[in-house]
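Visitor: Need a 3D model of the sequence below.
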Amino acid sequence: MKLIHQLNRKYLTYAAILFFVVGIILFVLLRSIVREETDEKLISMLDRIESVDPGESSHFEMFPIISVKPSEHHSDEVIFSDTMLQIEDEGEAFRQLTAFRQIGGKNYKVVIRESSVESSDLLASLTLMIILSFGGLLFLFFLINRRISQRLWNPFFVNLEKLKQFSLQSAVPFSPEYSDTDEFREMNKVLKGLTDKILSDYDNLKKFSENASHELQTPLAVIRSKTEALLEEDQLSQNQISKIEAIYKSVNRLSKINSGLLLLSRIENRQFTEAEKISLNEIMKQHMENFNELMEIKKLTFTYDFQSDWIVECNKSLLDMLINNLFGNAIIHNSESVILKIILSDGQLTFYNSGNKPLPDGKELFERFRKGDRSDSVGLGLAISKQICTYFGWQLSYRFEKQMHVFTIHSTN
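Guide: Prediction:
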């Protein structure tokens, strides 16, 4: 839940509780005031009755309002109570005053009643007015608070959206939204400094990796050519030839690592911007021709299951590299049963090759320098393949089932 919604919800919760408590207190006060007014009215009627000479009449009754009857008791006490009387087969609530008074020298029991219906209606009307007023105020406060919160928090949400769109590859500096709130201004200052530092470090790292890889190519090429020249000489002993061959293999390995890391860096820096629509079926046919001789040497039982074409829009050189890596990997890492199967459908390309056991560290298989069982591998092929798939917005996964290694490329769209 968004922060602004949490604030509004908490505000409404506490405000509703406060209004509820205040409403109960006001209701009790209003009921007390109404009852007090009714009691005063009953006492006023009692005073009038006491001032009237009853004459020869022994009692007087006007049901259900007034009842004056002879009594043996006399008291200055006035008793108030609530009672319910049956009037025309319906119960009606009354506020009742009971007193024992001496009128014209005689003792009388005086009962005076005032209907509570009007008081209840008045109290209900006042309560409804209070509830509606409080409800309206609560809703009005909610709208005002929501409006104020939106205006105050708007720079924060604008900056959040800018941070979501911030990209190292675009190299566009982060420009925070201005705010006159001190906390947001401090946050903008920190974000500006942080993003500028990230851009600067990223640019320096990018230049370093490119320069280092590029500059290494020349000395590596020189070392390779010199070792090749040494291997062609006749005066070398077998021991010297073995040492030079070891140097030559190490240089080749280092050159492959350098090229692979440079390629990964270029992919991560999104330097392959050219894209075109490509038929994956046509690409697969080209690679099948390229690997046909190697498959014959390995005596592979090859099957290409074309179910439907997959038209992609991407960089062709990266796509060729991806297919080449997975195709070559499936051929080289095949077991004695020498089975290779490829299935192409719309949005999915799967390579099956026979194997005796799952590849080690299946979950970390696509990390850099994971070599598996081959010591001559530099451990970058699958890492490059994974990075290319990520660059294209695809997923590359591995599983082992029915003595088969299965690598699958599928679109996430």
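
Visitor: Low-confidence regions, the stretch 51-200 of the chain specifically.
Guide: 55-58, 169 (pLDDT under 70).

Visitor: Show me where it has its strands.
Guide: Secondary structure of the stretch 51-200 of the chain (DSSP state E, counting those that start in this stretch): strands located at 60-62, 66-70, 78-87, 90-103, 106-115.

Visitor: any idea which of these is most buried?
Guide: strand 106-115 (a mean of 19; mean count of other C-beta atoms under 10 Å). All C-beta spots, glycine's among them, are computed from the backbone N, C-alpha and C.

Visitor: Could you list every helix and strand that that strand packs against?
Guide: helix 3-50, strand 66-70, strand 90-103 (3 or more C-beta pairs under 8 Å, 6 or more residues apart in numbering; DSSP states H and E).

Visitor: OK, contacts around Ile331?
Guide: Listed by C-beta atoms under 8 Å, 6 or more residues apart in numbering, the contact set of Ile331 reads Phe291, Leu294, Met295, Lys298, Leu300, Leu340, Asn353.

Visitor: give the contact list for the third one.
Guide: Put plainly, it is Met295. Taking C-beta under 8 Å, 6+ apart, one finds Phe302, Ile331, Leu340 in contact with Met295.

Visitor: From those, which land in strands?
Guide: Among the contacts of Met295, the members falling in strands (DSSP state E) are Phe302, Leu340.

Visitor: ok, so of the contacts of Met295, who is nearest Glu50?
Guide: Leu340 (119.0 Å; C-beta to C-beta).

Visitor: The closest one pairs with what?
Guide: Assessed by DSSP bridges, Leu340 has beta-bridge partners Phe302, Asn353.

Visitor: Give me the neighbour count for it.
Guide: Using other C-beta atoms under 10 Å, Leu340 is surrounded by 21 other residues.

Visitor: Tyr304 is in contact with that one, correct?
Guide: No. Contact status for Leu340 versus Tyr304: not in contact, 9.3 Å apart, counting by C-beta atoms under 8 Å.

Visitor: between these two, what contacts are shared?
Guide: Joint contacts of Leu340 and Tyr304 (C-beta under 8 Å, 6+ apart) do not exist.

Visitor: leaving aside the residues next to it on the chain, what's closest to Glu61?
Guide: Leaving aside its sequence neighbours, Glu61 sits nearest to Ser67 (C-beta to C-beta, 6 or more residues apart in numbering; 4.7 Å).

Visitor: For beta bridges, what are the partners of that neighbour?
Guide: With DSSP bridges as the rule, Ser67 is bridged to Glu61, Val111.

Visitor: ok, it to Val22 distance?
Guide: 41 Å (C-beta to C-beta, to the nearest Å).

Visitor: Over to Glu364?
Guide: Per C-beta to C-beta, Glu364 is found 63 Å from Val22.

Visitor: which of these two has more neighbours?
Guide: Taking other C-beta under 10 Å, Glu364 and Val22 do not tie; Val22 has more neighbours (12 against 8).

Visitor: Could you pull up the residues touching the closest residue to the more buried one other than its chain neighbours?
Guide: Excluding the flanking residues, the one nearest Val22 by C-beta to C-beta, 6+ apart is Phe134, at 7.5 Å. By C-beta under 8 Å, 6+ apart, Phe134 lies in contact with Phe19, Val22, Gly23.

Visitor: what's the burial count for the residue nearest to Leu30 when sequence neighbours are not counted?
Guide: Among residues not flanking Leu30 along the chain, Leu126 sits closest, at 5.4 Å (C-beta to C-beta, 6+ apart). A count of neighbours around Leu126, defined by other C-beta under 10 Å, yields 16.

Visitor: No further questions, thank you.
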